[in-house]
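In: Structure, please.
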Amino acid sequence: MAAKSNAELKEMALGDLVEELRATKQEALNLRFRNATGQLDNNAEIQKVRRQIARINTHIRAREIELAEAGK
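Out: Predicted coordinates:
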């Protein structure tokens, strides 16, 4: 799975971001299992995926704040 850039994440709809978050969390789970069984060659992939999850969560939260402020 190719990591999406911040610009690509910013253009995504909220539902798409939630789906991307779900898929990225699944990828992180798979990487952890591969690491535990010794099949993971590049341990840096785990950190990259964790940072991608944080980026997606940040964009989701920013959308939630925008919607809350627009509703005032």
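In: how about the helices in the protein?
Out: 6-11, 14-36, 44-70 (DSSP state H).
In: Which residue is the nearest non-sequential neighbour of the residue nearest the centre of the chain?
Out: Residue closest to the average C-alpha location in the chain (CA atoms, centre = their mean): residue 53, at 2.9 Å. Among residues not flanking residue 53 along the chain, residue 24 sits closest, at 5.3 Å (CB to CB, 6 or more residues apart in numbering). (C-beta placed from N, C-alpha, C; glycine too.)
In: okay, now that neighbour: neighbour count?
Out: Neighbourhood size, residue 24 [other CB atoms under 10 Å]: 20.
In: circling back: need the helices of the chain in a markdown table with mean pLDDT, can you?
Out: Below are the helices of the chain laid out as a markdown table (pLDDT from 0 to 100):
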| stretch | mean pLDDT |
| --- | --- |
| helix 6-11 | 88 |
| helix 14-36 | 96 |
| helix 44-70 | 95 |
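In: Relative to residue 45, how far out is residue 37?
Out: 15 Å (CB to CB, to the nearest Å).
In: Is the residue nearest to the centre of the chain in contact with residue 27, as I believe?
Out: No. Residue 53 is not in contact with residue 27 according to CB atoms under 8 Å; the separation is 9.1 Å.
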